[in-house]
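**Student:** give me the fold of what follows.
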Amino acid sequence: MTRARGGLRAAMLAFLGAACVACAHPWVVERAYGGDVVEGRYVAPEGYAAFLRGAIAQAEGRQVEALRGYRDAAERDPGSPEPWTRMAEVRCSMAGRHVDHLARAPEGRPGEVANGERALDRALALAPGYAPAWAVRAACAEARGDGRTAREAAARAAELDPRGDGANILLARSAEGVAASADARAVLVALTVTAADPVAAWNALALWAEAHGDVALWARALVELARRAPERRAAIARSAEELAGAGSLGEARAVAAAAVEASESPLPADLPLAARLALDEAVARRDGAALRRRATRARLPLDEAGGRALLGGERALAHDVTAAAAAADPGALGARLVLAVADGGDLLGAAASMQPGDTPASAAALIAFGVALLHVAPPAEARAALAAAPRLPVVAGDDRVVRAAVDLASRGVLPGDALPPDGALELSVIAGVPPAARRGAADPVAAADALDLRHRYLSLALTQPDSADLRAMAERLRSVSATDPVVAAAAAIVQLTAGLRVAPDAPRALLARNPADPLLAATALRLAEKAGDADVARRAREALGVFGTTRRTVE
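**Tutor:** This is a model prediction of the structure:
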């Protein structure tokens, strides 16, 4: 609502100011609106009412009603360019070319672009020097990919109104070349401090940073947007999930935390990963209050929070967030399992305490319990205990849980069908079996739409190592190749599947990243066999033997 009120105020001030652009009427009056005094010619009250109806409808996303209100205003005040400018802005949105990066536009409607251009022509015919009309022309041209028109129109708008935020933002965003890009970054950062509409400035900075691969700046802008425009939190949470899928987990967790904290209402149900990323951010800071609060806001059980704390190495925190839940509900299986691990209790006894009426354990709680159980029980007993436990599914893309679940599956403790598509893809690489050949399992390569960017890259490395899509993904993921095991494994697999020469030290370097990671160990083994490095091949086989993996070589 804050953002909508700001938009209405700006709209009305623009309408009042536009009334004096082509002062054909001899009566000039002063009016106060929202604390501002605006001088303009006389407009009948019916004209203001019509324009206000249009502005309210536009702010609420009712585009057809907005057009109706603005058209009525134009008929009642034929000398004002602002209603026509607003009609053009709405037409641009109806064409599916919304200028707001975080507000997903609806499916475009044929003819709306032309209708919008005609409305701008009317506005500029009435007032050729009306800066807002030039700014809308620039924004719509940018949204439809017409960079030249966008730059020219934005330059004209900035010339007419050097203080106009919109024109300066557009000029910065449409800058070309390396030097211009650096200047654009500086301009957009400065605008977040000086702009009359800080939300628009932060949004523009987020758009620029995303387009230029500046992950740290993108995350910073998204965090600030969540604070200033909480109504955008769902779109911001989606961006957090995109960041996680591209391997930028620290930034993803910060953005997700900001989105969850922006409102007491839960995130939409189709954003399960963002809610969990927000919990991981609290775990990283050992903030039990934030962890409990976010679990409550996200409608996640406390054993999810406790399980994630265990997987993050925070046993005391896991105890703190689940102890009350376990005491209050004897049937809370996940809380009991988390407490048994956190307190160093009898894990086999906790496994034996499972009852048919128990509440299903969260995926995080069960996987964390399985990881701990392997240290005190043979794989067969651990497998039987996990198989008997009612559990909630693992969320695709949930790196903290999926990677631990893959480790358990590679040891034969967790069935492969308990893994989401990204985990199933990793398991197929570890086992050396083509995904489609795994009996009874869905083909994760065929289900590429369900994969995040890192795992789409891994999928293409297995199936299309020479594709343009793979090269584009490799470039986008280059900054995390040194830290993300999935990206590192995929890059190595490209060498194998594309028939490229393997550098002599590549297998050793890959295994040295983390010998306890079965995905890296399996990939290092394949590289070592290709390079003829018997020592690394032996050590990789030993690591895979610890995992209990039976590998079939498929070249």
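**Student:** only C-alpha atoms from now on, for both contacts and neighbour counts.
**Tutor:** Fine.
**Student:** for Ala318, which non-adjacent residue is spatially closest?
**Tutor:** Nearest-residue entry for Ala318: Gly306, 4.2 Å, with adjacent residues in sequence omitted and distances by Cα to Cα, 6 or more residues apart in numbering.
**Student:** same question, Thr149
**Tutor:** With Cα to Cα, 6+ apart as the measure, Ala141 is the residue that lies nearest to Thr149, at 6.1 Å, once sequence neighbours are left out.
**Student:** mind showing which ranges of this protein have poor pLDDT?
**Tutor:** Low-confidence segments of the chain, defined by pLDDT under 70, are located at 1-44, 95-113, 163, 165-167, 171-181, 433-448, 546-555.
**Student:** Ala221 and Arg232, how far apart?
**Tutor:** When Cα to Cα, to the nearest Å is applied, the distance between Ala221 and Arg232 equals 13 Å.
**Student:** who has more neighbours, these two?
**Tutor:** Each of Ala221 and Arg232 has its neighbours counted (other Cα atoms under 10 Å); Ala221 has more, 25 against 18.
**Student:** so that one sits right up against Ala200, yeah?
**Tutor:** No: under the contact definition of Cα atoms under 8 Å, Ala221 does not touch Ala200, with a separation of 10.9 Å.
**Student:** which residues sit against stretch 499-512?
**Tutor:** 488-489, 494-496, 520-521, 524-525, 527-528, 530-531, 533, 536, 540 (Cα atoms under 8 Å, 6 or more residues apart in numbering).
**Student:** what do you get for stretch 379-393?
**Tutor:** Judged by Cα under 8 Å, 6+ apart, the contacts made with stretch 379-393 from elsewhere in the structure are 351-352, 354, 358-363, 366, 370, 373-374, 411-414, 418.
**Student:** so how far is that stretch off the chain centroid?
**Tutor:** With Cα atoms, centre = their mean, to the nearest Å as the basis, the distance from the averaged C-alpha position of stretch 379-393 to the chain average is 32 Å.
**Student:** in that stretch, what's buried?
**Tutor:** Buried residues in stretch 379-393, counted by 16 or more other Cα atoms under 10 Å: Pro379, Glu381, Ala382, Arg383, Ala385, Leu386, Ala389, Pro390, Arg391, Leu392.
**Student:** now swap in stretch 471-481 and tell me
**Tutor:** Going by neighbour count (16+ other Cα under 10 Å), the buried part of stretch 471-481 is Met473, Ala474, Leu477, Val480, Ser481.
**Student:** report the contact partners of Glu159.
**Tutor:** Applying Cα under 8 Å, 6+ apart, we find Glu159 in contact with no residue.
**Student:** returning to what we had before: where's the residue nearest to Ala318, which helix or strand?
**Tutor:** If you go by DSSP states H and E, Gly306 is part of helix 302-311.
**Student:** and the contacts of whatever helix or strand comes next after that helix?
**Tutor:** Counting by DSSP H and E, the element after helix 302-311 in chain order, helix or strand, is helix 315-328. Helix 315-328 is touched from outside by 283, 286, 288, 291-292, 302-303, 305-310, 332, 335-336, 338-339, 341-343, with contacts defined as Cα under 8 Å, 6+ apart.
**Student:** again with stretch 217-230
**Tutor:** Residues lying outside stretch 217-230 but in contact with it, judged by Cα under 8 Å, 6+ apart, are 2-3, 199, 202-203, 205-210, 232-233, 236, 251-252, 254-255, 258-259, 262-263.
**Student:** now with 6 Å, please.
**Tutor:** Defining contact as Cα atoms under 6 Å, 6 or more residues apart in numbering, one finds that stretch 217-230 is touched by Trp202, Ala206, Ala209, Glu210, Arg233, Glu251, Val255, Ala258, Ala259, Ala262.
**Student:** separation between the closest residue to the third one other than its chain neighbours and Ser410?
**Tutor:** If the residues on either side of it in the chain are set aside, Ala209 comes closest to Trp218, at 4.9 Å by Cα to Cα, 6+ apart. If you measure Trp218 against Ser410 using Cα to Cα, the figure is 36 Å.
**Student:** could you do Thr523 as well?
**Tutor:** To Ser410, Thr523 is 14 Å away according to Cα to Cα.
**Student:** and if you look at Gly331?
**Tutor:** When distances are taken as Cα to Cα, Gly331 and Ser410 turn out to be 30 Å apart.
**Student:** more crowded one of those two?
**Tutor:** Of the pair Gly331 and Ser410, Ser410 is the one with more neighbours under other Cα under 10 Å, namely 25 against 18.
**Student:** which residues touch the most centrally placed residue in the chain?
**Tutor:** For the chain, the residue sitting closest to the mean C-alpha position, by Cα atoms, centre = their mean, is Ser239 at 1.8 Å. For Ser239, no contacting residues are found, by Cα under 6 Å, 6+ apart.
**Student:** let's see it at 8 Å
**Tutor:** Applying Cα under 8 Å, 6+ apart, the residues contacting Ser239 are Ala252, Val255.
**Student:** hey, where'd the helices end up in the stretch 251-400 of the chain?
**Tutor:** Under the criterion DSSP state H, counting those that start in this stretch, the stretch 251-400 of the chain contains helices at 272-284, 288-297, 302-311, 315-328, 333-342, 347-352, 363-373, 379-388, 399-410.
**Student:** possible to save those as a markdown table with distance to Ala431?
**Tutor:** Rendered in a markdown table, the data for the helices of the stretch 251-400 of the chain read as follows (distance: least, Cα to Cα, whole Å):
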| stretch | distance to Ala431 |
| --- | --- |
| helix 272-284 | 27 |
| helix 288-297 | 36 |
| helix 302-311 | 24 |
| helix 315-328 | 32 |
| helix 333-342 | 29 |
| helix 347-352 | 28 |
| helix 363-373 | 20 |
| helix 379-388 | 17 |
| helix 399-410 | 8 |
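**Student:** to Ala155, which of those lies closest?
**Tutor:** When these are compared for distance to Ala155 using Cα to Cα, the nearest one is helix 272-284, at 39.0 Å.
**Student:** same for that closest one, what does it pack against?
**Tutor:** Using 3 or more Cα pairs under 8 Å, 6 or more residues apart in numbering; DSSP states H and E as the contact criterion, the elements in contact with helix 272-284 are helix 233-245, helix 249-261, helix 288-297, helix 302-311.
**Student:** take the ones you listed and lay them out in a markdown table including distance to Ala154.
**Tutor:** A markdown table is the format used below for the helices and strands packed on helix 272-284 (distance: least, Cα to Cα, whole Å):
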| stretch | distance to Ala154 |
| --- | --- |
| helix 233-245 | 27 |
| helix 249-261 | 31 |
| helix 288-297 | 42 |
| helix 302-311 | 48 |
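**Student:** most packed of the ones you listed?
**Tutor:** Comparing the helices and strands packed on helix 272-284 on average neighbours per residue, with mean count of other Cα atoms under 10 Å, the densest one is helix 302-311 at a mean of 30.
**Student:** relative to helix 363-373, how tilted is that helix?
**Tutor:** 40 degrees (axes from the mean of the first three to the mean of the last three Cα atoms, to 10 degrees).
**Student:** kindly format the C-alpha coordinates of helix 302-311 as PDB.
**Tutor:** Extracted in PDB, the C-alpha atoms of helix 302-311 (Å, rounded to 0.1, in the frame of the first residue of the first chain):
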ATOM      1  CA  LEU A 302      10.400 -26.100  14.000                       C
ATOM      2  CA  ASP A 303      12.000 -29.400  13.200                       C
ATOM      3  CA  GLU A 304      12.800 -28.000   9.800                       C
ATOM      4  CA  ALA A 305      14.600 -25.200  11.500                       C
ATOM      5  CA  GLY A 306      16.300 -27.600  13.900                       C
ATOM      6  CA  GLY A 307      17.300 -30.000  11.100                       C
ATOM      7  CA  ARG A 308      18.900 -27.100   9.100                       C
ATOM      8  CA  ALA A 309      20.800 -26.000  12.200                       C
ATOM      9  CA  LEU A 310      22.200 -29.500  12.600                       C
ATOM     10  CA  LEU A 311      23.200 -29.700   8.900                       C
END
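**Student:** any idea how far that helix is from the chain center?
**Tutor:** That offset, for helix 302-311, works out to 22 Å (Cα atoms, centre = their mean).
**Student:** quick check: angle from it to helix 288-297?
**Tutor:** Using the same axes, to 10 degrees, helix 302-311 lies at 140 degrees relative to helix 288-297.
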